[in-house]
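Colleague: output the structure for:
(2 chains)
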Amino acid sequence: MFKYHVAKLLSAYCDNELPEAEMQRVQAHLQSCPSCRQAYEQIKFGISLAQQIQTVAAPETLWFAVSKQKSNGPATIGFNWRMAAALTTVLILGLVGWFGFSRLHETEILKPEIVDNQIEKIEPAPSVVMTPTPKVSNKKIISAPELQPTKAAPNIPAPKVAAQTWEVASLAGTPSIGATKINGTEKITVGEWLATDNVSRAKIKVANIGFVDIDPNSRVQFVSSQNSEHRIALKKGKLSAFILAPPRLFVVDTPSATAVDLGCAYTLEVDEAGNSLLHVTSGWVSFVLPRGKNSRRESLIPAGAMCATRKGAGVGTPYFANASTTFIAALQKLDFGPGEIAGTFIKTILTESRPADALTLWHLLDQEKWQASLRGQIFDRLAELTPPPAGVTRTGILQGDRKMLAQWWQEKIH
Amino acid sequence: MEQWAIMTQRFVRDEQERDQLIVACQDGDREAFSMLFAQHKDKVYSIALHFSGNEATAHDIAQQVFLKLMTNIQQFNFQAEFSTWLYRMVANACFDEQRRWRKFLPFGDDTEIQQLRSRENIEANYSRIELSGAVQSAIATLKPKLRMPILLKYIEGMSYEEIAQVLDCSMGTVASRLNRGHKALAEKLRHLRGISSEE
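Modeller: Next comes the predicted model:
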């Protein structure tokens, strides 16, 4: 009888995954075999434990990440008017509900938010306007998306010029737009300044692509709003941006650098001297020199990373906020300190670097101002932490082969 | 978000509509893809999270899966179940990530390190008598080949046959791995016996 123990069949037995005859055999065996019955109790307990495994909601940032990555690819994005109408409607309802405004807007948004009771009522909506084509700046690694409708719709009007006024709500105290105090909500027009004192806070609704919260003691100018770009300037203070839009649609100028949204949430601070500090909490942000400054230096900052700028010294190197304090201190000295002792700081940075700090080392390697020996040391440490992909060589990188550098970024670091 | 999920379920309530959604995705319809994403994101992420035991890694895995889905969905020919096709990508991405991390580990093998890490987690969870957390930690200590069938069964609700298709193995292998997985879980968490039945 005990020749045919059934211990190996018990999970399938419990899950009713055995043929009928086998089920009966296991059942009969269990009645007469204490050993297998004990094993059966153990498997049942294991199953009851496994049933405790819970589905976890995916983070909101997942869609941003997928959307951003895909936007950088070559695939053309199609368009479904019915779904776009649903998305647009829900977007409008969501924004209105959240912010307490009632105006309707035209542009679709990338984030999939659809309200249950809306979808069945929506007919193909000719008034829906396609997401505009963002302007492409001098980005060197990740190409900006070109979102174009693939299906012509003769009854669809051309994209409208975005509204030249945005809604602003007081979150605390009485912020002001020019001389106008904000009690409740007001509109801000292109060229106007929004100011908060030491107790007031405000929320700006950026067209229909997101929100910006302005902290106390801040000054912000509404620079422009077009379908291809929405721009503000942070003169001083701190803002928190939450943007749901294709990359490069929302831009913030500071006295020392320009933050270009690549689909994300972030905070940006500017001190009295015009220096700024960016902290990305979701997605990616690009930091470049302000308009008019001729430089191809661009820092790409992912979620969890920070980047500083100094007025007159430009954009710093991005780093993860959880890097060691020694690492961060050396990096700040390297970025904004005396250039003649760069080797000392680079040595400290390389010694302190972890695999995650490949982000920083790659950006350092991207700067051609270092001596060849220093660049060689950076290459060696980066290769140690994140080996370069096939085809990327030390010689090529040190000779300034930007295709290799880009390949390393895209395949291993990004 | 809940309304959105309900709507999504309604929208794809039968196979024909599911196929239409996939066809729309194959036509490059971004909104259709966002619907497809909405349907599967939580389960894909959950499998990645329970497999890797790390939120950032799970995020990366899920991101890779959906990018691959967007890129390759035209290759789906409706001859297999879409879920089988999708979760094969998920399983492959998890195993790839596990292999990749193994290369970076400074000593020993990953099982050893996972056991060390998970033992700490398990002890912490014991102190809180937090059953699902303890199970999650124990799952992380299972060998990857035992871990994945359990996740496919208990997160996605797959049958042995579907799991076999996803993992490209026989149903007997699936039965064996699940049996070993259940047994290992019971042994690792035998201190909790009694608690789970009260849940």
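Colleague: helix or strand for the residue nearest the centre of chain B, which one?
Modeller: The centroid of chain B falls nearest to residue B:47 when counting by Cα atoms, centre = their mean (2.1 Å). In this structure, residue B:47 sits in helix B:30-52 according to DSSP states H and E.
Colleague: next, the buried residues of the next helix or strand along the chain from that helix.
Modeller: Where DSSP H and E defines the elements, the next helix or strand beyond helix B:30-52 is helix B:55-72. Going by neighbour count (16 or more other Cβ atoms under 10 Å in any protein chain shown), the buried part of helix B:55-72 is B:57-67, B:69-70. For every residue, glycine as well, the C-beta is placed using N, CA and C.
Colleague: ok so, going back, what's the nearest residue to the residue nearest to the centre of chain B if we skip its chain neighbours?
Modeller: residue B:151 (4.7 Å; Cβ to Cβ, 6 or more residues apart in numbering or on different chains).
Colleague: how about the helices in chain B?
Modeller: B:2-11, B:15-26, B:30-52, B:55-72, B:82-104, B:110-128, B:131-141, B:144-154, B:160-167, B:171-188, B:195-198 (DSSP state H).
Colleague: dump the ones you listed to JSON lines, plus mean pLDDT and distance to residue A:50.
Modeller: Converted to JSON lines, these look like this (pLDDT from 0 to 100; distance: least, Cβ to Cβ, whole Å):
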{"stretch": "helix B:2-11", "mean pLDDT": "46", "distance to residue A:50": "24"}
{"stretch": "helix B:15-26", "mean pLDDT": "80", "distance to residue A:50": "28"}
{"stretch": "helix B:30-52", "mean pLDDT": "88", "distance to residue A:50": "11"}
{"stretch": "helix B:55-72", "mean pLDDT": "90", "distance to residue A:50": "19"}
{"stretch": "helix B:82-104", "mean pLDDT": "83", "distance to residue A:50": "17"}
{"stretch": "helix B:110-128", "mean pLDDT": "42", "distance to residue A:50": "16"}
{"stretch": "helix B:131-141", "mean pLDDT": "80", "distance to residue A:50": "7"}
{"stretch": "helix B:144-154", "mean pLDDT": "94", "distance to residue A:50": "5"}
{"stretch": "helix B:160-167", "mean pLDDT": "94", "distance to residue A:50": "13"}
{"stretch": "helix B:171-188", "mean pLDDT": "94", "distance to residue A:50": "6"}
{"stretch": "helix B:195-198", "mean pLDDT": "46", "distance to residue A:50": "10"}
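Colleague: and these: which comes nearest residue A:381?
Modeller: For these, the distance to residue A:381 is smallest for helix B:82-104, at 14.8 Å, taking Cβ to Cβ.
Colleague: what is the closest one packed up against?
Modeller: helix B:30-52, helix B:55-72, helix B:110-128, helix B:144-154, helix B:160-167 (3 or more Cβ pairs under 8 Å, 6 or more residues apart in numbering or on different chains; DSSP states H and E).
Colleague: go through those helices and name the closest to residue B:186.
Modeller: If we rank these by Cβ to Cβ, the stretch that ends up nearest is helix B:144-154, at 12.3 Å.
Colleague: sorry, back to before: contacting residues for the residue nearest to residue B:47?
Modeller: Counting by Cβ atoms under 8 Å, 6 or more residues apart in numbering or on different chains, residue B:151 makes contact with A:53, B:46, B:47, B:50, B:51, B:139.
Colleague: the third one touches residue B:157, doesn't it?
Modeller: No. Assessed by Cβ atoms under 8 Å, residue B:47 is found out of contact with residue B:157, at 11.8 Å.
Colleague: quick one on the thing from earlier: residue A:308: which of the helices of chain B is closest?
Modeller: helix B:55-72 (23.5 Å).
Colleague: so residue A:345: helix, strand or coil?
Modeller: On the three-state scheme (DSSP: H, G, I helix; E, B strand; the rest coil), residue A:345 is labelled helix.
Colleague: for it, give its distance to chain B.
Modeller: Plainly put, residue A:345 is 26 Å away from chain B if you go by Cβ to the nearest Cβ, to the nearest Å.
Colleague: report how many residues lie close to that residue.
Modeller: Neighbouring residues of residue A:345 were enumerated by other Cβ atoms under 10 Å in any protein chain shown; the total is 19.
Colleague: how about the one 4 residues further on?
Modeller: The criterion is other Cβ under 10 Å. On that basis, residue A:349 has 28 neighbouring residues.
Colleague: surely it is within a strand?
Modeller: No. The assignment for residue A:349, made by three-state DSSP, is helix rather than a strand.
Colleague: quick one: contacts for it?
Modeller: Here residue A:349 is in contact with A:327, A:330, A:331, A:334, A:357, A:360, A:361, A:364 (Cβ under 8 Å, 6+ apart).
Colleague: any chance of those residues in a markdown table, plus neighbour count?
Modeller: Formatted as a markdown table, these follow (neighbours: other Cβ atoms under 10 Å in any protein chain shown):
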| residue | neighbour count |
| --- | --- |
| A:327 | 20 |
| A:330 | 22 |
| A:331 | 27 |
| A:334 | 23 |
| A:357 | 24 |
| A:360 | 25 |
| A:361 | 23 |
| A:364 | 26 |
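Colleague: what residues of the host helix or strand of residue A:28 count as buried?
Modeller: Residue A:28 is part of helix A:20-32, with elements assigned from DSSP H and E. Of all the residues in helix A:20-32, those buried under the rule 16+ other Cβ under 10 Å are A:25, A:26, A:29, A:30.
Colleague: ranges for the helices of chain A?
Modeller: A:10-14, A:20-32, A:34-50, A:61-71, A:81-99, A:325-336, A:342-352, A:358-365, A:372-385, A:394-398, A:402-408.
Colleague: the third one and chain B in contact?
Modeller: Translated: helix A:34-50. Yes. Applying Cβ under 8 Å from any Cβ of the partner chain, one finds helix A:34-50 touching chain B at A:39, A:42, A:43, A:45, A:46, A:47, A:48, A:49, A:50.
Colleague: what is the neighbour count of the nearest residue in space to the fourth one that is not next to it in sequence?
Modeller: Using Cβ to Cβ, 6+ apart and skipping the chain neighbours, the partner closest in space to residue A:45 is residue B:186 (4.5 Å). Taking other Cβ under 10 Å as the neighbour definition, residue B:186 ends up with a count of 24.
Colleague: how about residue A:266?
Modeller: Using other Cβ under 10 Å: residue A:266 sits among 25 other residues.
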